[in-house]
Structure formats: C-alpha cells, structure tokens
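S.K.: compute the structure for the input listed below.
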Amino acid sequence: MVAYALIPAAGRAARFQSAAPGAAGNKVYAPLAGKPVLRWTVEAFAKHPEIEGVVVVCGPEEVAACRAALTGAEKLLAIVPGGRTRQESVAMGLFALGGGADDLVMVHDGARPLVSADVITRCLEAARSFGNSVAALPVTDTLKAADDTQIVTRTVDRDSLWAVQTPQVFRVATLYEAHTGARDLGWTGTDEASLVEKFTEEPVHLTQGDPENLKITCPEDLRLAEALLLSRSEAVPMLPRIGFGYDIHPLIEGRKLFLGGVEVPSDRGLDGHSDADVLLHALCDALLGAAGLPDIGNLFPNTDPNYKNISSLTLLREVTGHLVKLGYSVGNVDITLIAEAPKIAPYVPQMRTVIAEVLGVTASQVGIKATTNEGLGALGRGEGIAAHAVALIVYRSESQSKAAG
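M.R.: Residues are numbered from 1 along each chain as shown. Here you go, the predicted structure:
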C-alpha cells in the first residue's frame, strides 16, 4: 500500500485571531521556531520514509501565501484550493490526490505541527493491520455534564472515552465512499472517522496518539509548541528574527513635530492621521515585520477615527503587546532619521529612554542616528522627514519570562 498525507489548512482561525488581534490571517502561517506552522506539519510527513507524497488544501484566497510558506518543500504533490468547510476541503484534496483504491491517505490537521515520526508509523502499521487508524488518547480528566446554567447534572464515565487527534488513516476507496455518502445526503461530520462510521460498514480503529501532538488554537499554543520543538534533539536552535521598516511624512505648518515619542521644537510638524512620528512608525513596521504580522497601515488604518492624532507611543505599545502574545521580546533596534532640519542630537537620549521603556529593554538596546539627504530630492529640500528602522526579536522561553517577571 502506498501512503499519502492530505493536510487540510483552510480554516479561518477565528479563535486564534480573536486571542491575538492583528494576527496575520490563518494561524497555519504564524511563525513557529523560524518557520510557518504549516511548514513544520508538511515536513513531518515529507521526512517520513513511508510517505509517498503530500497534498495541502488551503483557503482559495490563500494559495499564494501557502505556496510561499511551502517553497521548496519535499514530496509536495499539490496545493489545492479548499471549500467552505473542512469536510469539503478534505474531499477536494482527496479527489485531487487520486491514488489507488487500496492506497492509504493520512488526513492530518495543518495546525498540528508536532506530529512525530512514531505517531505516523504507528498509525500506518495499524491501518495496514485493521484497514484504518485514528490517533487518539484515553481521556484522563474527570468529565462533568452540565445544564445551560453550568450546574453539574452528572459525572460522565470516562473509562471508554478517547480524545481524537489526527492523523486519521483510511484506504482511498473507504474515504471516497464516506465523503460521497456525506455529500449526497448533505451530512456534516466532525472528522473523517465520523463519516466512515456513518457511511461505510468499516469499523474505526483507535491508535495511541501523543500528548505533544497538540493543535494550535490560540497564541499560547505557539509558545508551548515552540518549547516542545526546541526540546527535541532533532529540532534546530531558535534563530533570531529581523525586520525592516520605513516611513516618510511631509512637513506642514500648524502641526507639532514628534520624533521618537518626543516633541521637538520646530516651526513645522509632520502631516498624518496620527501624530505622524516617522521614527516610531518605521520602528513599528520593523517589529511587526520581524514577527510576520501585518504592517501598521493594516493594524491602525488611517480611516479609523480612533487613531486620529493618537500618540505613536500608544501604537508602539500595542505592537509590543502583539509580540509578547506571540512569545517574542526585543533584542535591539536601530533607527536612522533622514531630515535636513531640525537637529535632533539634543533629544536622542530622551528618545532612547522613552522607546526603551515601551519595548521593555534598556536604552543601550535602542540605536538612533540622523543624517541629511545632502540637498537631494524632496527630503533634501526640507519638504519632509523619513526614517529607516531595523529590529531584532527573539523567542522568550517560559523560564526567561518568569525570571523577567
């Protein structure tokens, strides 16, 4: 039997985004130990010697993002646009996969990046012995049933209960029959096993899963997954992440000039929806870019009245909060201001102190320089001010977090 992996990754990740406002789209593209979550998942199957190929099903609007995340991935057979539901997406991936009737297909959630080679092997061996296999764990917690007011009505006997994971392995013909039956009756199940149970006569066999085979649901899961990856001997050390930011604003009369969170005396200020602090805007974009998050134009749109004339220090605090939620801290930042006037040297120490306080670092980790444009272009004519920023962020382990707290 030839074995394939089919990885649905078209979910909307609503819970992940609600827990981490500003998170960039689908959680499977969130950074995890230097790679997107989905890449870890695909590579786990691609590295397994018994897996012939991998098919990934993504959201129709995420095909480009999926291709970028999986560039150069081994054994990748196809990236398939998915449907409205996970069930539809798996069916589309199954039809695109083809394969022989007796070939095995391992359906595995794209948001489960820690699936081990041992779990894949166990599931394959069980599927060859029993016809199918579903990774699962015996329930160990006490379970309570409750009414709508959260009053306990009974204690549930857990002796025969299992918590189901993925991969779920079936013969291509079995899974095709199950999905066809569900489609014809308009029936929706919670997983592939539920379809096989209802629309085929094949009994479903449970196989020992792995507590570390967790599903990324919220930002806290990323921190746990990162720690687990780094604890594995085959995991690469966590690498720092670097981002670059740039911003430019015109100078106009009638506005105060804010740079680096400090008001600088000037007869003109920068024009913008917020206080137009180009130095902080470039820094925000560098930090967001390093974490793989959307830029400040997406997080703080200039069409939102809530950000009208807002201090850019407030924006920097929000950006820092997003990094903390994803488990990152700032290593250092370096910013270059391009302006003919005014001279900012007297204000740089205060800027460094203010920025360091927001980022939770020391002033020595904040570099600020200024230069002119040598009279060239609009900046050289003094029509505006621009800034370039570079930021280095690092993953912050639980032990580091506790020590810092």
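
S.K.: bridged to the residue lying closest to residue 96 once chain neighbours are set aside, which residues?
M.R.: Distances taken as C-beta to C-beta, 6 or more residues apart in numbering place residue 80 nearest to residue 96, at 4.7 Å, with adjacent residues excluded. For glycine as for every other residue, the C-beta is placed from the backbone atoms N, C-alpha and C. Applying DSSP bridges to residue 80 yields these beta-bridge partners: residue 57.

S.K.: show the contacting residues for residue 80.
M.R.: Residues near residue 80 by C-beta atoms under 8 Å, 6 or more residues apart in numbering: 55-58, 92-93, 96.

S.K.: repeat for residue 109
M.R.: Shown in contact with residue 109 (C-beta under 8 Å, 6+ apart): 7-9, 41, 166, 215.

S.K.: and if we set it to 10 Å?
M.R.: 7-9, 11, 28, 41, 86, 115, 165-168, 191, 213, 215-216 (C-beta atoms under 10 Å, 6 or more residues apart in numbering).

S.K.: who wins for neighbours among those residues?
M.R.: Highest neighbour count within the contacts of residue 109, by other C-beta atoms under 10 Å: residue 28, with 33 neighbours.

S.K.: find the nearest non-adjacent residue to it, please.
M.R.: Of all residues not flanking residue 28 in the chain, residue 38 sits nearest, at 4.0 Å (C-beta to C-beta, 6+ apart).

S.K.: surely that neighbour touches residue 45?
M.R.: No. Look at residue 38 against residue 45 with C-beta atoms under 10 Å: they stay out of range, at 11.5 Å.

S.K.: overlap in contacts, these two.
M.R.: 7, 73.

S.K.: hmm, which of the contacts of residue 109 is lowest in pLDDT?
M.R.: When these are compared on pLDDT, residue 11 comes out lowest, with 72.

S.K.: test my guess that that residue contacts residue 83.
M.R.: No. In this structure, residue 11 is not within contact of residue 83 by C-beta under 10 Å, at 11.5 Å.

S.K.: shared neighbours of those two, which are they?
M.R.: Taking C-beta under 10 Å, 6+ apart as the contact criterion, the residues that touch both residue 11 and residue 83 are 59, 89.

S.K.: got any ranges where the stretch 301-405 of the chain has weak pLDDT?
M.R.: Where the stretch 301-405 of the chain drops to pLDDT under 70, the residues are 396-405.

S.K.: which residue ranges form the helices in it?
M.R.: 312-325, 348-359, 377-380, 398-404 (DSSP state H, counting those that start in this stretch).

S.K.: to residue 272, which of these lies closest?
M.R.: Of all the helices of the stretch 301-405 of the chain, helix 312-325 sits nearest to residue 272, with 9.1 Å by C-beta to C-beta.

S.K.: okay, buried residues for the closest one please.
M.R.: For helix 312-325, a neighbour-count test (16 or more other C-beta atoms under 10 Å) marks 312-316, 319-320, 322-323, 325 as buried.

S.K.: with just CA atoms, put it into CSV.
M.R.: In CSV, the C-alpha atoms belonging to helix 312-325 read as follows (Å, rounded to 0.1, in the frame of the first residue of the first chain):
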residue,chain,number,x,y,z
SER,A,312,2.6,56.9,18.1
LEU,A,313,3.9,55.7,21.5
THR,A,314,0.5,54.2,22.0
LEU,A,315,0.8,52.4,18.7
LEU,A,316,4.3,51.1,19.7
ARG,A,317,2.8,49.8,23.0
GLU,A,318,0.2,47.9,21.1
VAL,A,319,2.8,46.5,18.7
THR,A,320,4.9,45.4,21.6
GLY,A,321,1.8,43.7,23.1
HIS,A,322,1.3,41.7,20.0
LEU,A,323,4.9,40.5,20.1
VAL,A,324,4.6,39.5,23.8
LYS,A,325,1.4,37.5,23.0
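
S.K.: who are the packing partners of that helix?
M.R.: Secondary-structure packing of helix 312-325 (3 or more C-beta pairs under 10 Å, 6 or more residues apart in numbering; DSSP states H and E): helix 219-231, strand 258-259, helix 278-291, helix 296-299, strand 328-338, helix 348-359, strand 384-395.
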